[in-house]
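**Q** Here is a sequence together with a model predicted from it:
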Amino acid sequence: MAKPEINISIEQNLSVSLKRDWLRGIVLKTLEVEGIASSAEIGLVITDSKTIQKLNRIYRGIDKSTDVLAFHMIPRTSQKPEQPFVSPPDGMHHLGEVVISYTQAGKQAQEQGHSIEQELALLIVHGVLHLLGYDHELPHESQRMRTKENAILERLYST
């Protein structure tokens, strides 16, 4: 079985130095905790507020910046839980892309009184969980997702 493929893109106009191995490790830990044993591919994009606002407007109809967007490739409504996913011909499960606004992450880190790295880790975990089917529209979903985020972050920081 192949290792998950994590494709990372950091917008050049940001002029930030983020370690790709560190970013990749957060995605991999999230997949590991969630028991994703099959080959998976995820895109991770670190961008600015202007770009994420444009994506939010185009794909969600909300014309404002946000911290993270997740574009999943696995169908949610047509897939019945008792039916396993069909393996694609290349054996790689294309889960989707997580897009994070570095600018917004910086603002939120400052508001929360922690580092930009902590905020980015939370947003990456949050986005990957969205790709895996978690949501937070309803209170019970939100609590479930928050609990899962905290458990993953604990494991991330304990290693």
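**A** Looks like it came in fine.
**Q** What helix or strand is Ile46 located in?
**A** For Ile46, the host element (DSSP states H and E) is strand 40-47.
**Q** elements contacting that strand?
**A** On a contact count with 3 or more CB pairs under 8 Å, 6 or more residues apart in numbering; DSSP states H and E, strand 40-47 meets strand 5-10, helix 20-33, strand 93-101, helix 116-131. To be clear about C-beta, it is placed using only N, CA and C from the backbone, and glycine gets the same treatment.
**Q** can you list contacts of that strand?
**A** With contact meaning CB atoms under 8 Å, 6 or more residues apart in numbering, strand 40-47 is reached by 4-11, 14, 16, 18, 23, 27, 31, 92-102, 120, 124, 127-128, 131.
**Q** likewise stretch 142-150?
**A** 122, 125-126, 129, 134-136.
**Q** Okay, angle between the longest helix seen in the chain and helix 20-33 too, please.
**A** With secondary structure taken from DSSP state H, the chain has its longest helix at helix 139-158. Orientation check (axes from the mean of the first three to the mean of the last three CA atoms, to 10 degrees): helix 139-158 against helix 20-33 gives 130 degrees.
**Q** so how far is helix 139-158 off the chain centroid?
**A** 13 Å (CA atoms, centre = their mean, to the nearest Å).
**Q** Give me the buried positions along that helix.
**A** Counting neighbours by 16 or more other CB atoms under 10 Å, one finds that the buried residues in helix 139-158 are 145, 148-149, 152-153, 156.
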